[in-house]
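Q: one predicted model, sequence on top.
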Amino acid sequence: MAISKHYKSINCAPAAPDALKHAGYFGRYAFEGYLMKFLLLIALLLSSVVARAENLCPVNEDVAPDMRIAESDLTKERAEKAAEKVQGIVSGADSKYEWITVPNSLKIIEGYILKRDALNAEGVMAQYHKSQFCEFMKTQAWWYD
């Protein structure tokens, strides 16, 4: 019994820094709380930078907003789906389409390829590919309706 009484009287916890001793109920978690807030702030800032990625080309204001193809519409995933749709229509496997399906799908495919080339080009070809993509966005980036 003597050992257990002695053990209870010994404080084995390390001494907290003075700043944490006076931090109230959540004192020992103060640092973790600030760290989590800091990490959350960094994550939010990074996501907002990614979400607000600038367009490569000026927006064509002559096209109504609901008819305009945005640069963000021109993704690899959408181009692959458009290619599958056109392939199904051509092969006869897909009979559910309207007259606008093929031209709109081809615009997604072409726009994605031009955008990809503009983003990946280097050196003297970079300006050429960007101008080709911007010309597409100016003259063809609208939906058939």
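A: Yep, it's here.

Q: where does pLDDT dip in this protein?
A: Applying pLDDT under 70 to the chain picks out residues 1-36, 38-53.

Q: helices along the chain, start to end?
A: 2-9, 18-21, 30-51, 76-91, 101-120, 124-139 (DSSP state H).

Q: list the buried residues of the fifth one.
A: Read it as helix 101-120. Buried positions in helix 101-120, judged by neighbour count with 16 or more other Cβ atoms under 10 Å: 101-102, 104-105, 107-118. All C-beta atoms are positioned from the backbone trio N, CA, C, and that covers glycine.

Q: what's the closest of those residues to Tyr144?
A: Nearest to Tyr144 out of the buried residues of helix 101-120 is Asn104 (Cβ to Cβ; 5.4 Å).

Q: show me the contacts for the closest residue to Tyr128 other than its chain neighbours.
A: Nearest residue to Tyr128 in three dimensions, chain neighbours excluded: Ala121, at 7.3 Å (Cβ to Cβ, 6 or more residues apart in numbering). By Cβ atoms under 8 Å, 6 or more residues apart in numbering, the contact list for Ala121 reads 128-130.

Q: so which of those residues comes closest to Tyr97?
A: Distances from Tyr97 to the contacts of Ala121, taken by Cβ to Cβ, are shortest for His129, at 31.2 Å.
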